[in-house]
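> fold the following and give me the result.
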Amino acid sequence: MMDLVIADVDQLRTTLPDRIEPDHYEDLAGRLMGSRRLREQPVVAAFIDDIRTFREGSRLTATKAHINSRRDNHIFSLFRASYFPTLSLDYLTYEPIAAARDLAGRYPSNTMAVNVAARSAGFADRAVVALFPENHVDGRQDPGDLIFYFIDRFVERHNRITRKMIDTVMTPASFPHIRDAPDSLIEQASSWWVHLHEYHHQHGDMPIPAFLGAKSAKSRAGLEELRVDTASMLACLNDGDLPGGQARAAFEYILAERLLRYAVEGIPRPTYDAVGSQVLFTYLLRHDGIALVDGLIHLRPQLPAVLAGLLREIEEIELRVHDEPLEKVQDRLTDLVHAYTLYDRATRRFLPSPYFADAGKRLGL
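Numbers count the residues shown, from 1 in each chain. Next up, the predicted model:
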């Protein structure tokens, strides 16, 4: 049955313009009503109700209420996200991955770690590894809206890229918990990562989404990703109430993804995630958290202390938001990023790390 629903969505997608404007929503609602299979899906019915009364600035209230309720694990909407250009009118069903009870209790989050069960064409692109509330055409993220991460794609990406990086640029004793781990452990570590990641986005002196606009520039967006991942790594290392083996695997996984994979994905033009990776790599080198030994990255014993120092520097800047103008705090955050990255002030562009550019070239990434 679901195969037929997905087929109807994909067929309808072929008849739609690349960008669907609000003055076409009534026509879209009529087309959806014209498919018995689609109109009988509760999430589609909710979406039809929303777009028939939609006005610029309003919320897809019924659609998001259905998705947030998790009543049937179905997602359907009209999406618009520049970093996920394949998304348009799309449908997805998922299988949730249960969060570890200790983790969910200590770090509450509106994160949904899931595996994709069925999907329409827009979700086929493997770059679509997540779905955020603001990706819907209403562009809004409100409290309680669920954030979805497609963990099966995290596992595939780790196996395709990160494992190769570990084998190529790390000393042999690095990452003992995940180096040869089965997919089940990588799935678990991925779900820990996204849960902690979103928890830390929503905490601190400049949390997201409240300061999303203030952190939208590439430099500050990259630093925000690094901030939350560093906080997540330290939680895995220092929270004695978390199960130790799982926490250690999650720490290694987050570090490997943030230090290695994002770095090679940002070549030749670094993304904001690659900027965060470059800050981490350079900071750890300068402060002796890592060392280059015969061209390989060696994790030094003082790495946890250096990570704590990095997080402290970021947090001390963000604390100033209570006493200084926001623009001045933004400048301080940007200056911190520029101090640890290759930034061409003449062109106002970040340059890729030569070390990771060479590694990516050798691996054909």
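> beyond the worst-scoring helix or strand of the chain on mean pLDDT, next helix or strand please.
Within the chain, judged by mean pLDDT, DSSP states H and E, the helix or strand with the poorest mean is helix 101-106; its value is a mean of 82. Counting by DSSP states H and E, the next helix or strand C-terminal to helix 101-106 is strand 111-119.
> helices or strands next to that next one in the packing?
Other elements packing on strand 111-119 under the criterion 3 or more C-beta pairs under 8 Å, 6 or more residues apart in numbering; DSSP states H and E are helix 2-13, strand 89-96, strand 147-150, helix 151-157, helix 183-201. (Each C-beta comes from the backbone N, C-alpha and C, glycine too.)
> for the second one, give the mean pLDDT please.
Per-residue pLDDT values over strand 89-96 give a mean of 97.
> buried ones in that strand?
89-94 (16 or more other C-beta atoms under 10 Å).
> any chance you could list what contacts the least confident helix or strand of the chain?
Here helix 101-106 makes contact (C-beta atoms under 8 Å, 6 or more residues apart in numbering) with 192, 195-196, 239, 241-243.
> can you list the buried residues of strand 89-96 in CSV and add distance to Asp335?
Formatted as CSV, the buried residues of strand 89-96 follow (distance: C-beta to C-beta, whole Å):
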residue, distance to Asp335
Leu89, 43
Asp90, 40
Tyr91, 45
Leu92, 41
Thr93, 46
Tyr94, 41
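> do I have it right that Val5 meets Val43?
No. The criterion here is C-beta atoms under 8 Å, and Val5 misses it with Val43 at 10.3 Å.
> before we move on, back to that, for the contacts of helix 101-106, which one is nearest Glu56?
Taking C-beta to C-beta as the measure, Glu56 lies nearest His195 of the contacts of helix 101-106, at 33.9 Å.
> so what's the residue count around the closest one?
Neighbourhood size, His195 [other C-beta atoms under 10 Å]: 25.
> and the longest helix for the protein?
Longest helix in the chain, counting residues (DSSP state H): helix 218-238.
> buried stuff in that helix?
Buried residues in helix 218-238 (16+ other C-beta under 10 Å): 218-237.
> which strands and helices sit next to it?
helix 183-201, helix 244-256, helix 272-286, helix 303-319, helix 326-339.
> so for Arg140, which of these sits nearest?
Nearest to Arg140 among the helices and strands packed on helix 218-238 is helix 183-201 (16.4 Å), distances taken as C-beta to C-beta.
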